[in-house]
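Peer 1: How does the following fold in three dimensions:
(chains A, B, C and D)
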4 protein chains.
Amino acid sequence: MKHPTTHEEQLEFLRKIEGQVRGIQRMIGEGRYCVDILHQIHSIIAALARVEEKILEKHFGHCVTDAMQGTSVAEKKQKLAEILELFSRFRKI
Amino acid sequence: MKHPTTHEEQLEFLRKIEGQVRGIQRMIGEGRYCVDILHQIHSIIAALARVEEKILEKHFGHCVTDAMQGTSVAEKKQKLAEILELFSRFRKI
Amino acid sequence: MKHPTTHEEQLEFLRKIEGQVRGIQRMIGEGRYCVDILHQIHSIIAALARVEEKILEKHFGHCVTDAMQGTSVAEKKQKLAEILELFSRFRKI
Amino acid sequence: MKHPTTHEEQLEFLRKIEGQVRGIQRMIGEGRYCVDILHQIHSIIAALARVEEKILEKHFGHCVTDAMQGTSVAEKKQKLAEILELFSRFRKI
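Peer 2: I've put the predicted structure just below:
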């Protein structure tokens, strides 16, 4: 596992993504070719998916690990249920 | 097929998505729970996927249909190749 | 575009996939580790997705191209609607 | 969480999926329309994805939970790493 992502790193990614979303608006305003716009939108989806994976990895390394080492059975169950739910949600765009 | 999306409608969607991306930055700044942030990021991915589908539908209804009714075999081939490429790209986040 | 897939090639792929599905049944019968079974199931999904792409590519190269060069507007519309529907279906597992 | 899946239930699902894979071979042999074949292949992918989710849910409820309640830090880390890897693999078909 690589170094866990920091809040600052996540914010930097998201500011870049925000800029990309504005870039799409510009492309639409300029009447650019739909296929180019579609590829650009898909790059943003891929960038968001990378942020998801980084946050998830950190969540596993911290919150989930802590809960698993704690004594509350209810909390363990809740963490596992949350992860299963994310799993099934992430499979569908 | 529903009414084709307009540039104005697409821009409105993208401005909303831009606001959602800023919302995520706020959530991170406030130290919100990772799982809530992950669900929120996934809502943005789903919203972008809806924009993709609308633009694609319009692309099919206009550019592809026009090319198919034209006489240039090269252009027909290019349109079909572009669509196949989008297909395979969209399957992977 | 590579050479279009033949029926014989598709059948060969599907016989291999059928064998993989039986392989999973064996793994379950032998009580193999769930994570190994999950990776194996996912390989089958990936193999089916490759068959889909090959058939789709052939469909584009033949049926869609023919319809587009024909004179029936209704048929052109139908082909495009079918493709759009496949697009949106393929995005969700 | 629903009742955990049993080996017998998984085998039954997989036998059904095996039959569906043979059904596709029949469709190809009969020269059926590509779009119908594509929809049928996608139903198999969806069925395999449901099996994945059932096995994963059971894996979480048993193996992961046990490891988390055990004392081996190495085992806990391994379980979490395995889950992260499945997560990122499942996102791509």
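Peer 1: Now stretch A:31-51: buried residues?
Peer 2: By neighbour count with 16 or more other C-beta atoms under 10 Å in any protein chain shown, stretch A:31-51 contains the buried residues A:34, A:35, A:37, A:38, A:41, A:42, A:44, A:45, A:47, A:48, A:49, A:51. For every residue, glycine as well, the C-beta is placed using N, CA and C.
Peer 1: Oops, could you answer that again for stretch A:80-91 instead?
Peer 2: Within stretch A:80-91, the residues that qualify as buried by neighbour count (16+ other C-beta under 10 Å) are A:80, A:82, A:83, A:84, A:86, A:87, A:90, A:91.
Peer 1: can you name the two of these that are farthest apart?
Peer 2: Taking C-beta to C-beta, the two most distant members of the buried residues of stretch A:80-91 are A:80 and A:91; they sit 17.4 Å apart.
Peer 1: Relative to chain B, how far out is residue A:86?
Peer 2: Computed as C-beta to the nearest C-beta, to the nearest Å, the residue A:86 to chain B distance reads 6 Å.
Peer 1: Equivalent analysis for residue A:38, please.
Peer 2: The spacing between residue A:38 and chain B, counted by C-beta to the nearest C-beta, is 6 Å.
Peer 1: so what's the residue nearest the centre of chain A up against?
Peer 2: Computing the C-alpha centroid of chain A and ranking residues by C-alpha atoms, centre = their mean puts residue A:52 first, at 1.8 Å. With C-beta atoms under 8 Å, 6 or more residues apart in numbering or on different chains as the criterion, the residues that contact residue A:52 are A:90, B:38, B:41, B:42, B:45.
Peer 1: Surely the second one touches residue A:56?
Peer 2: Yes. Taking C-beta atoms under 8 Å as the contact criterion, residue B:38 and residue A:56 are neighbours in contact, 6.4 Å apart.
Peer 1: hey, what's in contact with both of the two?
Peer 2: Taking C-beta under 8 Å, 6+ apart as the contact criterion, the residues that touch both residue B:38 and residue A:56 are residue A:86.
Peer 1: Tell me the buried residues in the helix or strand of chain A with the lowest mean pLDDT?
Peer 2: Taking mean pLDDT, DSSP states H and E as the measure, chain A has helix A:65-69 as its least confident helix or strand, at a mean of 78. Counting neighbours by 16+ other C-beta under 10 Å, one finds that the buried residues in helix A:65-69 are A:65, A:67, A:68.
Peer 1: So that helix, near chain D or not?
Peer 2: Yes. Interface with chain D: helix A:65-69 contributes A:65, A:68, A:69 (C-beta under 8 Å from any C-beta of the partner chain).
Peer 1: And the pLDDT for residue A:7?
Peer 2: Looking at residue A:7, its pLDDT stands at 93.
Peer 1: For the closest residue to residue A:64 other than its chain neighbours, what is the enclosing helix or strand?
Peer 2: For residue A:64, ignoring the flanking residues on the chain, the nearest one in space by C-beta to C-beta, 6 or more residues apart in numbering or on different chains is residue A:79 at 5.1 Å. Counting by DSSP states H and E, the element that carries residue A:79 is helix A:73-91.
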